[in-house]
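> sequence plus predicted model, see below.
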Amino acid sequence: LFRIVTPIRVDVFEKYLEDHPNPEFVKFVCRGLREGFWPNAQTEAGVYPITWDNSDRPIRDDAHLTFLHEHRDAEIKAGRFSRPFGTELLPGMYSSPIGVVPKADSGKLRLVVDQTAGEFSLNSMIPRNQAGYTKLDDIHTLGEALLAYRERHPQDELVMFKSDVRDAYRLLPMDPLWQIKQIVTVDGQRHVDRCCTIGNRWAMQIFNAFMGLVIWIAVHKKKIADLLAYVDDAFGFERAGVQLYYKPYDEWYPAKQVRLLWLWDELGIPHKKTKQLYGKELTIIGLDVDPNAMRVSISDDRRADLIAAIEAFIARPTNGRRRHSLREYYRLAGWCNWVLNVFPLLRPGMCELYAKMAGKTSIHAQIQVNSAPVRELGWMVEHLKTAEGVRMLESKEWGPEQADLTVYTDASGIGLGFFSPAHNTGFQSPL
């Protein structure tokens, strides 16, 4: 029932990382690929039951049922699900509820395993403050890379490219002692889920650890300059017309993109043709990037969707009490953070939203929306409605020689001070 399943060629992966500056981190990832990853869970005896079945969430939509059966069969064929072993859970097993939902970007269906549902959910075993944090590459990182390139090559015409890893989290095996808690129930039949799933609190950290090392290999060993990644999307830019032929897809792509695909093939990382994109303007992390105009823009439809979501969040319901779960707070905060890539000056509109979330851990807990976040989010909506949905990528840094006035500042635990040499004047204030 319990197996380590991954297409990654771990020996090849590890060989490339022999001189990585953090060898203990490399050992952690390679051990996970060989033996399965443990999601930093705390499963103390006496706190959680030996066996727990929370799978009773029937799927009634016929189209969703058809998808579920097809997905189950595909997972069994890939070895990521075990074959059914009966209708009863064995000692130590947990089964979480599942669902089928459409993907936001394409409308295609995907399976969701809700590892947060219930009193003894799997995610409750993973303390939120131990889930870790990874700073992902974003539009700001891309902008810095483009600005640095433009300083050296101001006249070059560029194209953007983006390559997507297929199956992403599912490439990574879980520790057999965790697999026993990942039982998926379909039509009453039980299957062991052997791989990392998107519903797990630690899943993104596990995948980012792996993908971060892949990008390190691409940059430092394959010399693919300015390559960035946001979860399972790798992206970058190349000079227009500099292409290589990628035989498996019978297509010419930007040279950096082909060199990346060659590396992925060498490491056993799967991908598909439809997710290998490039062009003079390309959507990166939901935003349209033009590297020649040095412009990032948001479509009117995406802006309208966010405005509608904020207005629904702060609208007063018929019972007069505005309340949302912590999960809904997180979802809106993530969405608003995304739009700051184009509207960075709207950041103050999120202060009270974060203040309401601070210190809370129960994802289903209902949190009142009082007047302060309503006021700030309303201010944000008004600016979103009228602001131009374009951000120009331009340098925001100046050298000391360009300054009109130089002021020195310092702070301590008890005060803050400023000094202007030109005026021989200083200011201080206690904190």
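Nice, thanks for sending it over. Residues are numbered from 1 along each chain as shown.
> domain ranges for this structure?
Domain assignment for the chain, taken from automatic domain parsing, gives 10-133+172-204, 139-166+208-296, 298-392, 400-430.
> mind checking those domains for the one nearest to residue 3?
Residue 3 lies closest to domain 10-133+172-204 among the domains of the chain, at 5.8 Å (C-beta to C-beta). C-betas here are computed from N, CA, C, even on glycine.
> turn the domains of the chain into JSON lines, including distance to residue 4.
As requested, the domains of the chain are exported to JSON lines (distance: least, C-beta to C-beta, whole Å):
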{"stretch": "domain 10-133+172-204", "distance to residue 4": "5"}
{"stretch": "domain 139-166+208-296", "distance to residue 4": "14"}
{"stretch": "domain 298-392", "distance to residue 4": "30"}
{"stretch": "domain 400-430", "distance to residue 4": "50"}
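> please confirm that residue 409 is located within a strand.
Yes - looking at residue 409 with DSSP: H, G, I helix; E, B strand; the rest coil, it is inside a strand.
> so how far is residue 192 from residue 53?
Residue 53 sits 14 Å away from residue 192, going by C-beta to C-beta, to the nearest Å.
> and these two? Which one has more around it.
Ranked by neighbour count (other C-beta atoms under 10 Å), residue 53 and residue 192 place residue 192 first, with 23 against 16.
> beta partners of the more buried one?
residue 183 (DSSP bridges).
> any chance of the domains of the chain in JSON lines, with mean pLDDT and distance to residue 2 too?
As requested, the domains of the chain are exported to JSON lines (pLDDT from 0 to 100; distance: least, C-beta to C-beta, whole Å):
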{"stretch": "domain 10-133+172-204", "mean pLDDT": "92", "distance to residue 2": "4"}
{"stretch": "domain 139-166+208-296", "mean pLDDT": "96", "distance to residue 2": "21"}
{"stretch": "domain 298-392", "mean pLDDT": "88", "distance to residue 2": "28"}
{"stretch": "domain 400-430", "mean pLDDT": "88", "distance to residue 2": "53"}
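> quick one, which of the ones you listed gets closest to residue 1.
Closest among the domains of the chain, using C-beta to C-beta: domain 10-133+172-204, at 4.9 Å.
> quick one: the helices in the stretch 1-150 of the chain?
Along the stretch 1-150 of the chain, counting by DSSP state H, counting those that start in this stretch, helices occupy 10-16, 23-35, 62-78, 139-152.
> how about residue 231, what does it touch?
136, 168, 204, 207-208, 211 (C-beta atoms under 8 Å, 6 or more residues apart in numbering).
> closest to residue 43 out of the helices of the stretch 1-150 of the chain?
Closest among these, once you apply C-beta to C-beta, is helix 23-35, at 17.6 Å.
> just checking, what packs against the closest one?
Helices and strands touching helix 23-35, by 3 or more C-beta pairs under 8 Å, 6 or more residues apart in numbering; DSSP states H and E, are helix 10-16, helix 203-216.
> can you tell me what sits against the last one?
Here helix 203-216 makes contact (C-beta under 8 Å, 6+ apart) with 8, 13, 17, 20, 25-26, 28-29, 32-33, 37, 39, 131-134, 136, 165, 168-169, 171-172, 196-197, 227-229, 231-232, 234, 263-264, 267, 269.
> quick check: buried residues in it?
Buried residues in helix 203-216, counted by 16 or more other C-beta atoms under 10 Å: 203-211, 213-216.
> export the helices of the stretch 1-150 of the chain to TSV and tack on distance to residue 409 and mean neighbour count?
Converted to TSV, the helices of the stretch 1-150 of the chain look like this (distance: least, C-beta to C-beta, whole Å; neighbours: other C-beta atoms under 10 Å):
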stretch	distance to residue 409	mean neighbour count
helix 10-16	45	15
helix 23-35	36	16
helix 62-78	57	14
helix 139-152	24	16
